[in-house]
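Q: Structure for the following, please:
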Amino acid sequence: MEKSGKYYKEGTIFDPTKGKEYTCRLGLTDNKDVLQVRGYIAFLYSTQYWERVN
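A: Residues are numbered from 1 along each chain as shown. Presented below is the predicted three-dimensional model:
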């Protein structure tokens, strides 16, 4: 993934349960322990927030 401004873009993410690969964008939120993960199919997307665990 390559950083482009606030986000990391131009990557893909794989969903093993569905067996599909999606275009992906990553970004840190205001809380640096939370990662925003967004997967795209064309103009539709789904966003998850992943929290760092100690």
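Q: Can you get me a residue count around Y45?
A: By other Cβ atoms under 10 Å, the residues close to Y45 number 13. Bear in mind the C-beta positions are built from the backbone N, C-alpha and C, glycine included.
Q: Which secondary structure element is home to the nearest residue to I41 once chain neighbours are set aside?
A: Among residues not flanking I41 along the chain, Y22 sits closest, at 6.2 Å (Cβ to Cβ, 6 or more residues apart in numbering). Following DSSP states H and E, one finds Y22 within strand 20-28.
Q: mean confidence for that strand?
A: Averaging pLDDT along strand 20-28 yields 92.
Q: Give me the packing partners of the lowest-mean-pLDDT helix or strand in the chain, helices and strands only.
A: Every helix and strand of the chain was ranked by mean pLDDT, DSSP states H and E. The lowest is strand 2-4, at a mean of 85. Packed against strand 2-4, as judged by 3 or more Cβ pairs under 8 Å, 6 or more residues apart in numbering; DSSP states H and E, are the following elements: strand 7-15.
Q: Going by neighbour count, list what's buried in the strand it packs on.
A: Neighbour counts over strand 7-15 (16 or more other Cβ atoms under 10 Å) mark 8, 13 as buried.
Q: How far off centre is that strand?
A: Centroid separation for strand 7-15 versus its chain: 6 Å, with Cα atoms, centre = their mean, to the nearest Å.
Q: now swap in stretch 24-34 and tell me
A: The answer for stretch 24-34 is 9 Å, by Cα atoms, centre = their mean.
Q: what's that stretch in contact with?
A: Under the contact criterion Cβ atoms under 8 Å, 6 or more residues apart in numbering, stretch 24-34 has outside partners 1, 6-9, 11-13, 35-40, 49-52.
Q: if you set the cut-off to 10 Å instead, what comes out?
A: The contact list for stretch 24-34 (Cβ atoms under 10 Å, 6 or more residues apart in numbering) reads 1, 3-14, 35-40, 45, 47, 49-54.
Q: what about it, how long is it end to end?
A: End-to-end span of stretch 24-34 (Cα to Cα, to the nearest Å): 16 Å.
Q: got it, and stretch 4-21?
A: End-to-end distance of stretch 4-21: 21 Å, with Cα to Cα as the criterion.
Q: and if you look at stretch 9-23?
A: Length of stretch 9-23, first residue to last, Cα to Cα: 9 Å.
Q: Brilliant, that's me finished.
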